[in-house]
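Novice: here is my input, please return the structure:
(3 chains)
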Amino acid sequence: MAKNVKLHKSSGEKASIILKYALGVILLIYALSLLVPIYWMIINSFKDIVQYYQESEFSFPKSLYLDNYKFILNNMSFETTSKDGSGTVIYTLPWMFYYSFIWAFGNTAFCLIIQVMCAYVVAKYKFPGRNFLYSLGIILMILPIIGSTGSAMLLRRQLGVYNNMLLMILTAPCLAFSGINFMMLHAAFKGVPWEYAEAVFIDGGGHLRVFITIMFPMIMPTFWVLMLLGFIGAWNDYSSFMFWMPSYYNVAMGVYRFQYESRLELGTTMPQILASFAVVSLPVVILYVAFQKLITANFMVGGLKG
Amino acid sequence: MKKKLFNCAAVALSALLSLSTISCGPQTIKDPDSGKTTINISHYGGGHGTEYMDVLVANFMEDHPEYDAKYKIKITPEKLHSGLILEELEAGYGEKQMYIMSQNDFVHFIYSDYLEDLSDVAEMKVDGADKPALKDKMVRYEEWQSIYSKYGEGLYAMPYADSVMGWIYDHDMFVDKNWYYFANEKDDGAELRAQGITYTEQNGKLIFQSSENKVNYAQGDKILTAGKDGKYGTYDDGQPQTVAEWDAMIAKISATGAKAFISSGQIGSYAVHLVSALFAQYSGLDLYNVYFNYDSKGEPVKFADGTEEVITLENGYKVGGMEGLYKAYEFLANYFDSRRVGDSRISLHPVVEDGTKNHIDAQSQFLLGYDPTATNPQSAMLLDGAWWEYEARTMFNTLGALDSSRGYGQREYRYMLFPYIDGQASEKSAISCCESGAMIVPKDKDKDRLKVTKEFLAYLASDEALNVFLTMTGSIMPYEYTLTAEEEEKLTPFTRNMIELYSDDENIEVVRPQIAQLYSPLSYAGGRDTNTYFLPRINGLAIDQPFKVVRENSLDVIKTGLANYYSAANWAAFIEKAKTQGFFND
Amino acid sequence: MIKPAEKVTGDAFSSKKRVSRKTVKEWIFAYSFLVYPLLLFAVFYVYVNIDSFILAFQDVNIDGSRTFAGWAHFKYFLTELFAESGLIKISFTNSIKIYLVGLCISMPLQLIFSYLLFKKCFAHRLIRILVMMPSIISSFVFCLVFRSFAGSSLQSLMKSLGFINFPNLMDNSNYVFGTTLFYSVWSSFSSSLIIYPNAMRSVDPGIYESAQIDGMCTMFQEFRYIILPLIFPTLSTFLVLGFAAMMTDSGALVPFFMYSAPSTAYNMGYYLTVQIFSESNPMNYPGVAAAGMLLTVVVAPLTLLVRYVLDRIDPTREDGIYGKKRKTA
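Specialist: Predicted coordinates:
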């Protein structure tokens, strides 16, 4: 339709087309500049250390030196004490991937579901304390908490949560009504008209049914996007494993140790570290590219009206 | 709608499924030692690694089969800063029986009653009943005890490593490239003969033949000048003695296309040890110590601005203005202020200013420098510590595979001493030691286990263990022991040179800033920032590394910045705070 | 699980205002959803952190004991904040500068680029994939490369071109803050270039057509009068979240420098992080707790105010021109 109404172009329109192309070029250059780190990571992961140090870091590898990857696949395994302290557990790369997946998926999904529930009632129900809760959520986003690791550790030990992945996941969403995810979900629910719910009530349905059959599916796109981004974030999380679940290992933790400790302990080299980064990044990049359409189509954020 | 519902169900189901598989896991290797009580040792080996510990544990258990039946010593390699250790101690979750770390700030653990008194360990005679007790083996025991005591009582930590930091260079390369000062008949002949060294002359250079005493020359070597100790055939032969000679050496190095200095741009704190050594060399040990203990014992102290004053606790904030400290910066500025384009003394490898490169990168580029490229020019002197050969082993092994003469322990590396600085107090050269570290034992309810832990700790300072540590890591623990000739053979040439330097009390002053900063209780009880010693405060901001200080500021700004490091206004409050906690009350 | 409404009378509120049975039922439903997260909050957040609040008013001694310190730490923070110079002042002003750069440079650029993507400029599909890379690949890699480029390659390049005194942008105290600021702009686009175009697309295409008929044909006009008002809710969400995070966001300083960033590059979030995590000494904790509380007391009400103001001026409010249209969409 729009094409039919176009008349001949005014000078202003011409200028805006030129501007559009100029800006487009800048945008493209910018986007391509983001490839530089990935290019750098990949080319250097194929260099032997002599070439890595002797030539520019942006030079192309002389030959496809695969030993760094072989080293990662063969040597990236870590020993840790088993949960009951009775023995030693050896984590090989596949097992690290396994725990990466469990943590990235299980923890993200559970936290998000709890956040969805919180966001839903705060957005759609008027109950005493609602505004307080919302404001508290914002305050907690700003308030830095310090020096509490000791007491958190003591509590988690007493409750048996420490070093227990299932309980860690179940107790993770202690700030479900705060944070960016909550805000986005809250905004998404705000954007869903209540009229849909009324129809269910007329049919004799309850609040829970409204939530499960109408409201939650309506914000499914936002949910999926947050789920994917959360998955990617949790995939790169090593500190939770280091501090709270020392008997479990994920790939991020493995790479962290490779990067910070193994240069001293194992004599790992920078090209090997970069190869390990490439190995860890690969699944999430594939995941992102595969679901790219879903994310680009559904990643929406609405207003914050409380 | 149905599809969406299906989606919801799918998420919930797969979440449940994935959670239910958590309990699956990689196969547990049942410990063959299970049933034994574990003695858990948390150890940051740093450049030393922890391989040597495995050997020591095995040796200890072999010596004590009665313990081997009941206990298992487990070494966990990890780097914990003292805040994390404190959290572990508070919560009791680490259940560690010993910590061996590279830092020294454990004093608050002592006063919080988390640590075991190790006085009984210090009394142990690990090398046999007729040998000295540990406290007599410990280098500078009194000093250590005064720091790690509780109001002067007890001993709550044992010293760990004592590693010389400084400029490391390839001796063979310096000979080949003529960067050294060589002996000649006219200046050195008489003295050489007096020391019982025979030689021949060839193209104006003297060629070593034999010696009555032990020297580090082999037949056919070119003889170098005696160096600062005045003796031929020692660790410092051929090194420049005056600033003019030092400058001339740098010019010679630059003339061959090489860079004189290489140092990690990321680990800027290494350079603190250069300031430390220069300060101690210029002012002498006593004044150097005044910087830390705020007590010049009634003697006036000279400041960089020309004034003089007696330093006491009350005006201790003035120590930053001490002349020697400023002189150290003045010296460094001549060689590391990269803004001085065209100055022949500025000869820096690019890594010095590259914040992405750590010490391992600097070591690798230093070693690869024999085959210079545009990215990596040859470099003459590397700023690093005694552990560096072990730390750089991957690079050594790579090079060794290409050319066996470049493998681990093949080439001879030495430390370059700073030249005499005009106006320096004593004739001695100073070197600064790093990573002094400490070994601590948390309180343990299991008294039987505690006994074994303490015995193992004592064993770590036995001659046998010290030798394993030295041979495997190239570093020293500050306990006195005599190397046998056989043991000495096993060391790398670099380590042998390092020991010779370290034990030359006559000519070398060893300073340890990490220990020295604990001389005054103000550093731990006054609540002041102790991590920035020797650094100036410029525009109210502490600059984080010496090289950066000199390449970004004028000497005048540095002078003022050093003098104003501590604010006079806050000083009284520091003292007050320390006093309320029971210090300075005598 | 919903309890039968009959058992609850809602008496607690009936004295002031009559609460209907339906309302009570809604309350119960709402609370039933909140009970688990609130329980977790009480146990794992409030209980664990009470100490942190008390700490702000205490001094920690060498033996771990604590003594009452009153407002001393608050006073210290404020004195340092208003001092001529110093780490706290630098950190605070840098944080504000970072927010302002985000607001005045990143955000307009994000909007312009998003508009281009929305208009399906060339290679828009590829661009959309590429822009997310900083959020996917480890920040370690991104920061390392950026640092290596700005901190060494660029300098050698410029030196070889004859600019002998070209500084090391990643290391020199005078330039490092600017460089990290540039990095924050460079890496800030990722998700916004997906969110904004989506918000633009959710606008009824009919509006564009009618606008074009009305003679609104330049890109600027369309952007200014149609797009901007429509994506306002999204925009305001980011403004509020950005404002709330102003004092806690440490940017990329940790992946860049770990805990040893040059003082001139400090921001408030990084200052607090360093105080807590680097070689942490419990004697520093009270100061950080007090600083955190002070910052919260200032930033939290301001955040709520910003939200309120943005809400007021939102052109998509229900009573605004676009409000009804959106509701039926």
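
Novice: B:His81 and B:His273: what is the separation?
Specialist: From B:His81 across to B:His273, the span is 20 Å (CB to CB, to the nearest Å). C-beta here means a position set from N, CA and C on the backbone, and glycine is covered the same way.

Novice: same question, B:His43
Specialist: In terms of CB to CB, B:His43 sits 23 Å off from B:His273.

Novice: got the phi/psi numbers for the closest residue to chain C within chain B?
Specialist: Closest residue of chain B to chain C, CB to the nearest CB: B:Gly83 (2.7 Å). Dihedral angles of B:Gly83 (phi, psi; degrees, to the nearest 10) stand at phi -60, psi -40.

Novice: number of residues surrounding it?
Specialist: Look at B:Gly83: counted by other CB atoms under 10 Å in any protein chain shown, it has 21 neighbours.

Novice: ok, it touching C:Phe277?
Specialist: Yes. When contacts are counted by CB atoms under 8 Å, B:Gly83 is listed as touching C:Phe277 (7.4 Å).

Novice: in what helix or strand does the residue nearest to the spatial centre of chain A lie?
Specialist: Closest to where the C-alpha atoms of chain A average out (CA atoms, centre = their mean) is A:Gly233, at 2.3 Å. Here A:Gly233 sits within helix A:220-235, counting by DSSP states H and E.

Novice: what sits up against that helix?
Specialist: With CB atoms under 8 Å, 6 or more residues apart in numbering or on different chains as the test, helix A:220-235 has contacts from A:100, A:103-105, A:107-109, A:111-112, A:116, A:181, A:184-185, A:188, A:216, A:250-252, A:280, A:283-284, A:287-288, A:291, A:294-295, A:297-300, B:4, B:7-8, B:11, C:135-136, C:191.

Novice: what domains does the record give for chain C?
Specialist: Chain C breaks down into these domains under automatic domain parsing: C:5-55, C:86-328.

Novice: the shortest one and chain B, any residue contact?
Specialist: No. For a cut-off given as CB under 8 Å from any CB of the partner chain, domain C:5-55 has no contacts with chain B; the smallest distance is 11.3 Å.

Novice: ok, and the closest non-adjacent residue to the most centrally placed residue in chain B?
Specialist: The centroid of chain B falls nearest to B:Cys434 when counting by CA atoms, centre = their mean (2.0 Å). Closest residue to B:Cys434 apart from its sequence neighbours, by CB to CB, 6 or more residues apart in numbering or on different chains: B:Met165 at 4.4 Å.

Novice: can you show me the strands along the stretch 51-200 of chain A?
Specialist: Ranges of strands in the stretch 51-200 of chain A, per DSSP state E, counting those that start in this stretch, are A:78-81, A:87-91.

Novice: Throw these into CSV and include mean pLDDT, distance to B:Gln97 and mean neighbour count, thanks.
Specialist: Below are the strands of the stretch 51-200 of chain A laid out as CSV (pLDDT from 0 to 100; distance: least, CB to CB, whole Å; neighbours: other CB atoms under 10 Å in any protein chain shown):
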stretch, mean pLDDT, distance to B:Gln97, mean neighbour count
strand A:78-81, 76, 14, 16
strand A:87-91, 77, 18, 18
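
Novice: wait, which of these is closest to chain C?
Specialist: Chain C sits nearest to strand A:78-81 of all those, at 18.4 Å, using CB to the nearest CB.

Novice: what does that closest one rub up against?
Specialist: Residues outside strand A:78-81 that contact it (CB under 8 Å, 6+ apart): A:Gly87, A:Thr88, A:Val89, A:Ile90, A:Tyr91, A:Pro246, A:Ser247, A:Tyr249, A:Met253, A:Gly254, A:Arg257, B:Lys74.

Novice: in a markdown table: the residues you listed, plus distance to chain C.
Specialist: Below are the contacts of strand A:78-81 laid out as a markdown table (distance: CB to the nearest CB, whole Å):
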| residue | distance to chain C |
| --- | --- |
| A:Gly87 | 30 |
| A:Thr88 | 28 |
| A:Val89 | 25 |
| A:Ile90 | 25 |
| A:Tyr91 | 20 |
| A:Pro246 | 18 |
| A:Ser247 | 21 |
| A:Tyr249 | 17 |
| A:Met253 | 13 |
| A:Gly254 | 13 |
| A:Arg257 | 13 |
| B:Lys74 | 26 |
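
Novice: for the residue in chain C that chain A sits nearest to, which three-state class applies?
Specialist: Going by CB to the nearest CB, chain A is nearest to C:Pro233 of chain C, at 2.9 Å. When classified by DSSP: H, G, I helix; E, B strand; the rest coil, C:Pro233 comes out as helix.

Novice: any buried residues in the helix ranked longest in chain A, and which?
Specialist: The longest helix of chain A (DSSP state H) is helix A:11-33. In terms of neighbour count (16 or more other CB atoms under 10 Å in any protein chain shown), helix A:11-33 has its buried residues at A:Ser16, A:Lys20, A:Leu23, A:Gly24, A:Leu27, A:Leu28, A:Tyr30, A:Ala31.

Novice: can you verify B:Gly189 is assigned to a helix?
Specialist: Yes. According to three-state DSSP, B:Gly189 belongs to a helix.

Novice: enumerate every residue touching it.
Specialist: B:Leu206.

Novice: low-confidence stretches in the stretch 151-300 of chain A?
Specialist: Residue ranges of the stretch 151-300 of chain A with pLDDT under 70: A:151, A:260-266, A:298-300.

Novice: tell me where it has helices.
Specialist: A:165-170, A:179-190, A:195-202, A:207-209, A:216-218, A:220-235, A:239-244, A:251-260, A:262-265, A:270-290, A:292-298 (DSSP state H, counting those that start in this stretch).

Novice: so which residues make contact with the first one?
Specialist: Same thing as helix A:165-170. Identification of contacts with helix A:165-170 by CB under 8 Å, 6+ apart yields A:99, A:102-103, A:106-107, A:110, A:159-161, A:240, A:244-245, A:248, B:19, B:22-23.

Novice: restricting to C-alpha, output that helix in PDB.
Specialist: Extracted in PDB, the C-alpha atoms of helix A:165-170 (Å, rounded to 0.1, in the frame of the first residue of the first chain):
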ATOM      1  CA  MET A 165      22.900 -28.400  43.400                       C
ATOM      2  CA  LEU A 166      19.300 -29.300  43.600                       C
ATOM      3  CA  LEU A 167      18.800 -27.300  46.800                       C
ATOM      4  CA  MET A 168      20.900 -24.500  45.400                       C
ATOM      5  CA  ILE A 169      18.500 -24.200  42.500                       C
ATOM      6  CA  LEU A 170      15.400 -24.400  44.600                       C
END
